[in-house]
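J.: Need the 3D shape of this:
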Amino acid sequence: MANVLERLELAVSVAREAGKLTMDYFGSRSLAIEQKADATPVSQADREAELLVRTRIAEAFGDDEILGEEFPTKPGRSGYRWIIDPLDGTKSFIRGVPLYGTLVAVEHAGEMEIGVIYIPPTGECVFAARGFGAWYEDRTGERQPARVSSCDDLARATVLTTDIRHFAAIGHPEVWERLAAKAEMTRTWGDCYGYLLVATGRAEVMIDPIVSVWDAAALLPILEEAGGYLTDWKGQRRVDSGCVVATNKALFHTVVAITAGLEGSRT
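T.: A predicted model of the protein is given here:
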């Protein structure tokens, strides 16, 4: 456990440090933006933040593997793997929208042990280590347990996503349409901020049709330690399928029946 807690301390610290670095560029009209091969944007802030995280990890745990979005994987031999997205929500970031964050995860023996979400513009941070609970800190540093909501009726729930067009892009616009029709409120408070809202009980469902492993890895321990679920659309506990959904426990089966196409006539 000492190995995990030492890495948790670094994960929280480096997420905050990298997130604060991105604030030096936030709202800048001179920030250079490039298009990657997958047509998604990347900025100098993305790259500098990832290099900072990689440097801090290598200094403290030189034998750990590092997987990140912007640079090649650093091999390791300790059995620990860091999975990082230092600027999740680049499209919001480059437009001056404060719904972006820094994601840091640590995996050991195939299990996501640690997750951190830090939102630089709001100063909010939620973090978890398996077996040690999930915790939320606001910009003042006040800490309290992070818990999902107890709402058990989709008709009273808030459902979030990053981009509604992504459902059509993968050929399943009906998934969003069914969730939206049943929910009390829908919003596109997207990227990692939406998952922070579910983990802290301010929303009940966050769903994305298109994600990479570095988008999802940190979310799994956070949602589970907060009393909820983070799965793929079939309800399988994994972060590498390309799609994820986060819910509280009370709504999990209702939501997954929709995302897996098992609702109504498809049952």
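
J.: Please count neighbours and contacts with C-alpha atoms only from this point.
T.: OK.

J.: Contact partners for the residue nearest to residue 126 when sequence neighbours are not counted?
T.: Spatial nearest neighbour of residue 126, chain neighbours left out: residue 136 (4.4 Å); criterion: C-alpha to C-alpha, 6 or more residues apart in numbering. By C-alpha atoms under 8 Å, 6 or more residues apart in numbering, residue 136 lies in contact with 124, 125, 126, 127, 143, 144, 145, 146, 200.

J.: secondary structure element for residue 136?
T.: If you go by DSSP states H and E, residue 136 is part of strand 134-137.

J.: Determine the three-state secondary structure at residue 181.
T.: Secondary structure, DSSP: H, G, I helix; E, B strand; the rest coil: residue 181 is helix.

J.: can you tell me which residues contact the nearest residue to residue 162 once chain neighbours are set aside?
T.: Leaving aside its sequence neighbours, residue 162 sits nearest to residue 190 (C-alpha to C-alpha, 6+ apart; 3.8 Å). By C-alpha under 8 Å, 6+ apart, residue 190 lies in contact with 89, 99, 160, 161, 162, 163.

J.: And for residue 225?
T.: 128, 129, 130, 131, 132, 133, 134.

J.: most surrounded residue in the residues you listed?
T.: Greatest neighbour count in the contacts of residue 225, by other C-alpha atoms under 10 Å, goes to residue 128: 29 neighbours.

J.: Give me the nearest residue to it, chain neighbours excluded.
T.: Using C-alpha to C-alpha, 6+ apart, the closest residue to residue 128 is residue 134 (4.2 Å).

J.: What of residue 44?
T.: Spatial nearest neighbour of residue 44, chain neighbours left out: residue 32 (6.7 Å); criterion: C-alpha to C-alpha, 6+ apart.

J.: Please apply the same query to residue 101.
T.: residue 119 is the one closest to residue 101 (C-alpha to C-alpha, 6+ apart), at 4.3 Å.

J.: Would you double-check that residue 177 falls in a helix?
T.: Yes: under three-state DSSP, residue 177 falls within a helix.

J.: re earlier: mind listing what's buried along the helix or strand just after the strand holding residue 136?
T.: Downstream of strand 134-137, the next assigned helix or strand under DSSP H and E is strand 143-145. The neighbour-count check on strand 143-145 (16 or more other C-alpha atoms under 10 Å) flags residue 145 as buried.

J.: And stretch 60-80, by the same measure?
T.: For stretch 60-80, the buried set under the neighbour-count rule, 16+ other C-alpha under 10 Å, comprises 61, 62, 63, 64, 65, 66, 67, 68, 69, 70, 74, 80.

J.: And stretch 6-15, by the same measure?
T.: Across stretch 6-15, burial judged by 16+ other C-alpha under 10 Å covers 7, 8, 10, 11, 12, 13, 14, 15.

J.: Output it as CSV, restricted to C-alpha atoms.
T.: Taking Å, rounded to 0.1, in the frame of the first residue of the first chain, the C-alpha atoms of stretch 6-15 are listed here in CSV:
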residue,chain,number,x,y,z
GLU,A,6,3.4,7.4,-2.6
ARG,A,7,2.3,7.4,-6.2
LEU,A,8,-1.0,8.9,-5.2
GLU,A,9,0.7,11.8,-3.5
LEU,A,10,2.8,12.5,-6.7
ALA,A,11,-0.2,12.0,-9.0
VAL,A,12,-2.2,14.7,-7.2
SER,A,13,0.8,17.0,-7.0
VAL,A,14,1.9,16.7,-10.6
ALA,A,15,-1.7,17.0,-11.9
